[in-house]
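Asker: sharing a model that was predicted from the sequence below.
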Amino acid sequence: IIPIYGLYYNYNNTVVITAISNGNIQETTLNLKTDGNIDGLPIINVEKDINENNITNGFTFMVSQDSMLPFAIDKDGEIRWYYTDSIGTVGFKEMKNGHFLIGSTQEGNSLLSTMSVYEIDLLGRIYTEYYTEGGIHHEAEEGYNGNLIFAISKFGSNTINDCIVEMAPATGETVRSWDMAEIMGGVLEPNSVWPTGLANSSNWFHNNSVELINENGKDYVLVSSRHQSLVIKFEADNPDNIVWVIGDHDQVPEKLQPYLLKPIGEGFEWQYAQHAPLQLSNGDIMLFDNGCYRSKNETNAVSPSDNYSRAVIYHIDQEAMTIEQIWQYGKELGNTIYATYVGDVDELDENHYLINFGGICKDENGNATDDITGSIRQSHIVEIKNNNIVWQVDISSNDKSNTGSIYRVEKINKSIFNRDDYTQYNKIVIVNAN
């Protein structure tokens, strides 16, 4: 079996296969026509006038939030890979073995969830399927220790999107689990600024990101709550040991108040309804600040026409319990790329970031809006190195469906296409959480 990846979408690709044996060379030329009729793919427009010398080598993988189809583009915006099934809202994450974690096609028991996660290769072959009872949503990734980290909803609970589990991939054994209601002192109401609907007493926390961090031999969990506009860091083996909390001090539960960070420095702003916080290689915290309402209460709420989204980096002094804003990108662009929902940030290298303004919503007149369901949805993705934009792509909906919003983006090196083990394939393994 000779796997062939990276063919151009909707194109008659010419592929040359070269065989070398005992100094003899034999070549075969194939013409491979790829499909061009996939409804769930959006319109892609790459800014051509940007200097490409500093672009990271590889393809950018992403998932349309509306059609839930994963696909990958090259630096020119050409589609070079796609998955033919809609998947659950967990993004597309590379594993250490070169495989990928994606949501399965089985709808979960709660909003935005899938019953299981597939481990696949780029041919779409499923190696393992990981199940949980309550459903997996928003986050499925391989931790630094090789265990799998899932954001889940607890089966049989009256609340959703507020628990986390660490699973041993070989057995499905639960290594550790965390209930955010217990950590925060009980189930809370969403911040009062939220309209009824998505944010309610059931979906009070809305965990959209989890990262397992090891510092000096001790594990910590970094978790993001959209509906509380808080980022919380706590000790994995002793979750009552909360390290700090990032967020506007308004409407914070009593249990968390001692751990609120104090802002210092000029130009500081809190984040609101954030996505994808991560700890950078130097220890700072980066996240995507959607900025919904720029407040936790209706009195001070900012309208979409005056709002903005941004990537932001905070420096935290854990001993002094202070937080300082040291970098941001996006505020200067105003409401043009205000993303009322979804978004992503990734560190590619030192001072080198990939940023996804994933849920830009416009009304029929092209004005920014917080109305997701009634909007025309778009995304704006930039790669920034040393404060210079080196790559920029705009994603818009096609004329058949509203496919322009992008949940997560991942830049993956082209060397992934050279793996010898992709010629090997074993029967699928099903792992149930226990």
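Answerer: Perfect, I can see it now.
Asker: quick check, pLDDT for residue 207.
Answerer: As summarised for this prediction, residue 207 has a pLDDT of 96.
Asker: just the one 5 residues further on next, same as before
Answerer: Taken from the predicted model, the pLDDT recorded for residue 212 is 98.
Asker: ok, now which ones touch it?
Answerer: The contact partners of residue 212, taken as C-beta atoms under 8 Å, 6 or more residues apart in numbering, are 143-145, 147, 149, 166, 219-222, 236. In this view, the C-beta of every residue, glycine as well, is placed from N, C-alpha and C.
Asker: swap in residue 323?
Answerer: 244, 246, 261-264, 268, 314-317.
Asker: before we move on, what about residue 235?
Answerer: Residues counted as contacts of residue 235 (C-beta under 8 Å, 6+ apart) are 218-221, 241-243.
Asker: of these, just say which sits nearest to residue 351.
Answerer: Residue 351 lies nearest to residue 220 out of these, by C-beta to C-beta, at 24.4 Å.
Asker: pLDDT below threshold where in the stretch 101-250 of the chain?
Answerer: Low-confidence segments of the stretch 101-250 of the chain (pLDDT under 70): 109-111, 196.
Asker: and the strands in it?
Answerer: 113-120, 126-142, 148-152, 163-167, 174-179, 207-215, 218-225, 230-235, 242-246 (DSSP state E, counting those that start in this stretch).
Asker: again with the stretch 251-400 of the chain
Answerer: With strands called from DSSP E, counting those that start in this stretch, the stretch 251-400 of the chain shows them at 262-264, 275-279, 285-289, 310-317, 322-329, 344-349, 352-362, 376-385, 388-396.
Asker: show the buried residues in the contacts of residue 212.
Answerer: 143, 147, 149, 166, 219-222, 236 (16 or more other C-beta atoms under 10 Å).
Asker: give the contact list for the closest residue to residue 335 other than its chain neighbours.
Answerer: Nearest non-adjacent residue to residue 335, counting by C-beta to C-beta, 6 or more residues apart in numbering: residue 368, 4.1 Å away. With contacts defined as C-beta under 8 Å, 6+ apart, the neighbours of residue 368 are 304-305, 307, 335-336, 338, 340, 360-362.
Asker: now, which of the residues you listed sits nearest residue 53?
Answerer: Distances from residue 53 to the contacts of residue 368, taken by C-beta to C-beta, are shortest for residue 336, at 26.8 Å.
Asker: what about the closest one, distance to residue 169?
Answerer: Distance of residue 336 to residue 169, given as C-beta to C-beta, to the nearest Å: 42 Å.
Asker: same question for residue 142.
Answerer: Applying C-beta to C-beta to residue 142 and residue 169 gives a distance of 8 Å.
Asker: more crowded one of the two?
Answerer: residue 142 (20 against 16; other C-beta atoms under 10 Å).
Asker: residues touching the closest residue to the more buried one other than its chain neighbours, list them.
Answerer: Excluding its sequence neighbours, the residue lying closest to residue 142 (C-beta to C-beta, 6+ apart) is residue 95, at 4.9 Å. Taking C-beta under 8 Å, 6+ apart, we find residue 95 in contact with 101, 119, 142.
Asker: and the residues you listed as TSV, adding distance to residue 405?
Answerer: Below are those laid out as TSV (distance: C-beta to C-beta, whole Å):
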residue	distance to residue 405
101	21
119	26
142	26
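Asker: identify, from these, the entry nearest to residue 431.
Answerer: Nearest to residue 431 out of the contacts of residue 95 is residue 119 (C-beta to C-beta; 9.3 Å).
Asker: the closest one and residue 140 touch, don't they?
Answerer: No - at 9.8 Å, residue 119 does not count as touching residue 140 under the criterion of C-beta atoms under 8 Å.
Asker: shared neighbours of the two, anything?
Answerer: Contacts common to residue 119 and residue 140, judged by C-beta under 8 Å, 6+ apart, are residue 101.
Asker: the more surrounded of the two?
Answerer: residue 140 (29 against 23).
Asker: my read is that the more buried one contacts residue 117, right?
Answerer: Yes - applying C-beta under 8 Å as the test, residue 140 and residue 117 come out as touching, 4.6 Å apart.
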